[in-house]
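>>> Please work out how this folds:
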Amino acid sequence: MNIRMSPNIALRHKEYAAAVDFYTNVIGFENRSSDPDLADFDAEPINLFVLADEEFSGPVLELFVDDLEAARDHLVANGCKVLRWRGKKQDCYIQDPFGVIYNIWEE
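Okay, here's the model as predicted:
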């Protein structure tokens, strides 16, 4: 099984506008997105995405995998739990036994 850390981190929060304002005006990151529902900050060496979300609040790291379903099965068999599963090229959130949430993304 090939699992690699992605340079992408999402911040999901119900207070989207306040979060975008903070990362733009307080931290000083450049928002590369013109999408009103998604901020894409250049936070070299990572990409920080801010999205509105009523269900999740906080950071979501991302893991790249070669086989989405096999990765899910492997992680669940080793103590992780599925929080949201929408399939390939969509949100597939898994929480590890230590509380960290990852989006599993098949390349």
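>>> Give me the helices and strands touching the helix of greatest length in the chain, please.
For the chain, the longest helix by residue count, based on DSSP state H, is helix 68-77. Here helix 68-77 touches strand 81-85, strand 92-95, strand 101-106, going by 3 or more CB pairs under 8 Å, 6 or more residues apart in numbering; DSSP states H and E. Yep, even glycine has a C-beta here, placed from its N, CA and C like the rest.
>>> what's the distance between the shortest one and the middle of its chain?
Chain-centre distance of strand 92-95: 9 Å, with CA atoms, centre = their mean, to the nearest Å.
>>> Then stretch 36-52?
Worked out by CA atoms, centre = their mean, stretch 36-52 lies 10 Å from the chain centre.
>>> isn't L51 right up against I9?
No: counting by CB atoms under 8 Å, L51 does not reach I9; the two are 11.4 Å apart.
>>> So what's the residue count around the nearest residue to A39 once chain neighbours are set aside?
Nearest non-adjacent residue to A39, counting by CB to CB, 6 or more residues apart in numbering: V50, 4.0 Å away. For V50, the neighbour count with other CB atoms under 10 Å is 27.
>>> Kindly list the longest strand within the protein.
strand 3-13 (DSSP state E).
>>> how about that one: buried residues?
Applying a neighbour-count criterion of 16 or more other CB atoms under 10 Å, one finds 6, 8-13 buried in strand 3-13.
>>> next one: stretch 94-107
94-95, 101-105.
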